[in-house]
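*Asks:* fold the following, please.
(4 chains)
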Number of protein chains: 2
Amino acid sequence: MATIKDVAKLAGVGVGTVSRVLSGKGAVSARATDKVRSAIAELDFRPSHIGRALSARSLGTIGVFVPDFGGAYYGPILRVLDTELRKVDRHMVAVNGCGHGGPHEEALEGVDFLIQRQCDGILVFSHEISDAELGEFKRRQPNLAVVNREVPLLEEGCFFMDHRGGGRLAARALLEHGHRKLAVIAGPDRATDNRERLEGFYAELAEQGIARESVLHVTGDFSMPSGWQCAQQLLAMDKPFTGLFAANDEMALAAISCLQGVGLQVPGDISVVGYDDIDMAAYASPRLSTIHAPLPELVQGSLNWLLNRCYGMNLPVERSFELSLRMRDSVARLPC
Amino acid sequence: MATIKDVAKLAGVGVGTVSRVLSGKGAVSARATDKVRSAIAELDFRPSHIGRALSARSLGTIGVFVPDFGGAYYGPILRVLDTELRKVDRHMVAVNGCGHGGPHEEALEGVDFLIQRQCDGILVFSHEISDAELGEFKRRQPNLAVVNREVPLLEEGCFFMDHRGGGRLAARALLEHGHRKLAVIAGPDRATDNRERLEGFYAELAEQGIARESVLHVTGDFSMPSGWQCAQQLLAMDKPFTGLFAANDEMALAAISCLQGVGLQVPGDISVVGYDDIDMAAYASPRLSTIHAPLPELVQGSLNWLLNRCYGMNLPVERSFELSLRMRDSVARLPC
DNA sequence: CACAATTCAGAATGCGCTTTCAGGGCTAGG
DNA sequence: CCTAGCCCTGAAAGCGCATTCTGAATTGTG
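*Replies:* Below you'll find the predicted structure:
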């Protein structure tokens, strides 16, 4: 690979001049510019990103930690991130939890890896890392944002939405269609977003006169296999229910598959409400009614905040996000 | 951030010594080692990845281009890549097609970006880039692998599987259950993997006495929305069919959603076979019968080849991959 | 025509690390 | 006691670029 020195030598100028025509900053005469340009073309010279990084003390990368690349949830997030970052000539280094140990160690390792690799800023999607650990990461890398989670220590650096309200919406969707015998497939307890949406769900239920104890409750881990298993557990309880709320769409979809597999109709026998509104919810069988979470907007907001911080940009940063019900075909009125 | 110089000064040694204790290469006395270690601890020193990269002339990154992070197809691929790369202390820079222009320009831009950023090697998932363009990329970055596509120019650098055989499997799955009136939802024509699986499908049909002209054929783009639309087009043709082959699972799933939406039963009225066996196929309603493509293994093979090339490693590189039928619940015997 | 004000270019420096080099101190063998 | 050989070490060079600095060339002004 040709270096800036080779170009300078071939063009018969100094490296400073080459650097100046490259960056466009500083005055260079037309003659020198021409010579440099043709030397660049002749050598097929491309400035070394590493050299630039060393000089600028920045690689132009934003690190992103997500628990798992598989699954339908994080794909659209990565898409937003990559698209926006490349617009501003930066790029994303995305890692997911992997390696040894449980999800907690994996998350710690993942974020640590990103800090080591000197990302200019870091975006974290995780409920495995404790507030204190997050604080420690923040000390090492102040340009840190946490998405979809509220942590007081981080102040401005966290972006979240009103999952309690979302949970209420889900409850209302079921209630308004006459369902009173309900079941819930919850996400992992340590996930604050899961806890909040369940709080909202149960709060709404209580206000409408349905006791928490009367609803069947099983806990999954947001994955499809666990959604399937949860549905089986629910069935095994042998107490009839007509409305099911799953804490995310993937579990909802898998539960529906399980339910239909044993001959139950959705929404004929059981109405199902999901959460998140992942892309495929609209293309499931039946089309899934769910709470739409404006995740791309949330991501955009946190990314913009981070970019402003890292590079002194002045992007708009939105902090309020509306959840809404997307009523499709998996919820039906309970026949009286 | 403390630098190696600061450490050297505090420990009262030269930077060379510090570097030596850091890398473990070269002899250092116990006393010097101790002094350096405590200086490192005191300063909370972490070696700069950029400095290392400049010296080593390598950032330790493998670039990955995929057309789109959304969708269910690429998530598991990224997971394998990230996991394996971090095992060997490297990392992934993944980009997806984005920006202006059509998918062709986006792909070109994406790969170009990865080359500019000086990835040590590049993995390309794309059917948009022509063989010649790929050749040109290979000239600029010889450590280039193309996955799921056969391009003669690249010789060893491409990894693919027998999609013709896969297509035959799909045909047999339908044929063996008595289906003779068939429909196909194809993927984009420029995708060679799509063409191959259709060739196999139609070849098998021909051998079993079914003329190509007799099967309903519509073309999508591998996405769920297009699968839905294709199903509608099929319905609009108003010619009955009992077996449907979709060139990938996402279109199959969306088509099922559409079909069930208008009151058709799957597999009661129409049997559906997908292709790829994405994770969610086993959790759809009904559970989708599909051709299992060993994508993680394919990715692992190409990655190992690339790592061997980039870093002189000696990882095993598998080149032959078996497609197989995963018979689940979306295919049923045609009632006589 | 002399001198000041610009414009431009090449040399030099610095970024953080690895690696090479040369030399100092020590041990062991003759 | 001398020297060969080894171990250890700090200094220095180099990686590719941006940027600053200094001096030279050019232009403009009185």
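*Asks:* which strand or helix spans residue A:197?
*Replies:* Residue A:197 belongs to helix A:192-207 when assigned by DSSP states H and E.
*Asks:* and that helix, how far out from the chain's middle?
*Replies:* 21 Å (Cα atoms, centre = their mean, to the nearest Å).
*Asks:* need the contact partners of it.
*Replies:* A:127, A:148-150, A:160, A:163-172, A:175, A:182, A:184, A:186-189, A:211-212, A:215, A:222, A:245, A:247, A:275, A:291 (Cβ atoms under 8 Å, 6 or more residues apart in numbering or on different chains). Where you see a C-beta, it was placed from the backbone N, CA and C, and this is true even at glycine.
*Asks:* narrow these to those that are buried.
*Replies:* The neighbour count (16 or more other Cβ atoms under 10 Å in any protein chain shown) marks A:127, A:148-149, A:160, A:163-172, A:175, A:182, A:184, A:186-188, A:215, A:222, A:245, A:247, A:275, A:291 as buried among the contacts of helix A:192-207.
*Asks:* narrow those to those in strands?
*Replies:* Among these, DSSP state E puts A:182, A:184, A:186, A:245, A:275, A:291 in strands.
*Asks:* circling back to that earlier point, just the angle between the helix holding residue A:197 and strand A:182-186, please?
*Replies:* On the basis of axes from the mean of the first three to the mean of the last three Cα atoms, to 10 degrees, helix A:192-207 is oriented at 170 degrees to strand A:182-186.
*Asks:* where are the low-confidence patches of chain A?
*Replies:* Scanning chain A for pLDDT under 70 picks out no residues.
*Asks:* what parts of it come near DNA strand C?
*Replies:* Contacts of chain A with DNA strand C, taken as Cβ under 7 Å from any atom of the strand, map to A:8, A:12-17, A:27-29, A:31-32, A:54-55, A:57.
*Asks:* mind checking which of the residues you listed land in strands?
*Replies:* Going by DSSP E, the strands hold none of these.
*Asks:* the residues you listed: which two are farthest apart?
*Replies:* Spatial extent of the residues of chain A next to DNA strand C (Cβ to Cβ) is set by the pair A:31 and A:57 at 33.7 Å.
*Asks:* now, which of the ones in strands among the buried ones among the contacts of helix A:192-207 sits nearest residue A:73?
*Replies:* In terms of Cβ to Cβ, no member of these lies closer to residue A:73 than residue A:275, at 10.9 Å.
*Asks:* let me know the distance separating the closest one from residue B:45.
*Replies:* Residue A:275 is 45 Å from residue B:45, where distance means Cβ to Cβ, to the nearest Å.
*Asks:* circling back: looking at the residues of chain A next to DNA strand C, spot the one nearest residue B:318.
*Replies:* Nearest to residue B:318 out of the residues of chain A next to DNA strand C is residue A:54 (Cβ to Cβ; 38.3 Å).
*Asks:* pretty sure the closest one is touching residue B:52, no?
*Replies:* No: shown here, residue A:54 and residue B:52 do not form a contact pair, counting by Cβ atoms under 8 Å, at 10.1 Å.
*Asks:* residue A:206: neighbour count?
*Replies:* Residues within reach of residue A:206, counting by other Cβ atoms under 10 Å in any protein chain shown, total 12.
*Asks:* residue A:323 versus that one, what's the distance?
*Replies:* Here residue A:206 is placed at a distance of 20 Å from residue A:323 (Cβ to Cβ).
*Asks:* surely residue A:305 is within a helix?
*Replies:* Yes: under DSSP: H, G, I helix; E, B strand; the rest coil, residue A:305 falls within a helix.
*Asks:* ok, now which ones touch the closest residue in space to it that isn't next to it in sequence?
*Replies:* Closest residue to residue A:305 apart from its sequence neighbours, by Cβ to Cβ, 6 or more residues apart in numbering or on different chains: residue A:317 at 4.5 Å. Residues in contact with residue A:317 (Cβ under 8 Å, 6+ apart) are A:301, A:304, A:305, A:308.
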